[in-house]
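J.: Structure for this input, please:
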Amino acid sequence: MNVRGKTALITGGAGGLGKALAECFLKQGAKVVLWDINAGALAAAHQELSALGNIRAYPVDITDRHEVSAVAQMIKREVGFIDILNNNAGIVYGGDFLSLSEEQIIRTVEVNFLAALWCTKTFLPEMMEKNSGHIVMTASAAGLLGVPGMSVYAASKHALIGFAESLRLELKRRGKQKIGITIACPSFIKTGLFDGVRPPTLTPWLNPGDLAEKIFQAVLKNRLYVREPFMVKLIPTIKGLGGIETTDRLGDLLGLHSAMDTWKGRPKHNI
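T.: From the prediction side, this is the model:
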């Protein structure tokens, strides 16, 4: 894909990985639309990135499907066709399952999973009409295996991966192979969302700019998966060949199972 002149919409675009992705697209001549619930951070990101190219910003609560639909209609009038949809927004609450409130559980599922469905359902029909486009799902390494202290987060990311893989096959069956799907499965990113965490051995903190570039290249090359860092690439093989006991032992040995014990996260858990 050549993104010059195309339009990328990024949810959770006011900071972290979303903002870094916006920078990648802008530098290659794409137009960018940022969505975020944090209006102040969104305005700051828009101002900072506007020097790089054509960018617009819209405050949106992506968990409200009616608001998603209404703002999407506005964008279609003001901006036009969305070529690349990046379902990037995410949230995490650390702690064992029974320590989480019902509100935290609902919020996690709404932001990490249901919002991606609402956004995809809104922009996919026009992609199908044109048989053109690309959808990025920002999942997680926690969507590939269980992690203590983030059970609901991991569940939401498992669901997102299942949705993306199934959607790819549905598009293929309908002859819409020109609509690409990329699933990003990073380990801990240095964005504030996982402040306080001790990353497992052999799994260093990921820099959002470096990860954004890898995801951007995957979009250009229509690659299905981005798994980072290297240890995350091995998860399917370890689970498949080693079995449950080996996977559990490695999780203990590398410190994965205690990584979330010191989680602090962002103030107010901004998306």
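
J.: give me the number of residues near the residue nearest to residue 148 when sequence neighbours are not counted?
T.: Spatial nearest neighbour of residue 148, excluding adjacent residues (C-beta to C-beta, 6 or more residues apart in numbering): residue 257 at 5.1 Å. For the C-beta atoms, the positions are set from N, CA and C on the backbone; glycine is no exception. The tally of other residues near residue 257 (other C-beta atoms under 10 Å) stands at 17.

J.: and stretch 219-239, which residues are buried?
T.: 219, 220, 225, 226, 227, 228, 229, 231, 232, 235, 238 (16 or more other C-beta atoms under 10 Å).

J.: SS state for the nearest residue to the third one once chain neighbours are set aside?
T.: I take that to be residue 225. Nearest non-adjacent residue to residue 225, counting by C-beta to C-beta, 6+ apart: residue 183, 5.4 Å away. Here residue 183 is strand, with the state taken from DSSP: H, G, I helix; E, B strand; the rest coil.

J.: so what's the spatially most central residue of the chain bridging to?
T.: By C-alpha atoms, centre = their mean, the mean C-alpha position of the chain lies nearest to residue 138, the distance being 2.0 Å. Counting by DSSP bridges, residue 138 is bridged to residue 184.

J.: In terms of pLDDT, where does residue 1 sit?
T.: On pLDDT, residue 1 comes in at 87.

J.: count of residues packed around it?
T.: 16.

J.: can I assume residue 144 is in contact with residue 232?
T.: Yes - in this structure, residue 144 is within contact of residue 232 by C-beta atoms under 8 Å, at 7.2 Å.

J.: list residues touching both of the two?
T.: residue 185 (C-beta atoms under 8 Å, 6 or more residues apart in numbering).

J.: so where's the protein shaky on pLDDT?
T.: Within the chain, the stretches with pLDDT under 70 are 267-271.

J.: give me that answer again for 50
T.: Residue ranges of the chain with pLDDT under 50: 269-271.

J.: Quick check, residue 250 in contact with residue 242.
T.: Yes - if you go by C-beta under 8 Å, residue 250 and residue 242 touch, sitting 7.5 Å apart.

J.: neighbour count winner among those two?
T.: Counted by other C-beta under 10 Å, residue 250 and residue 242 do not tie: residue 250 has more neighbours, with 20 against 14.

J.: ranges for the strands of the stretch 1-150 of the chain?
T.: 7-11, 31-36, 55-59, 84-87, 133-138 (DSSP state E, counting those that start in this stretch).
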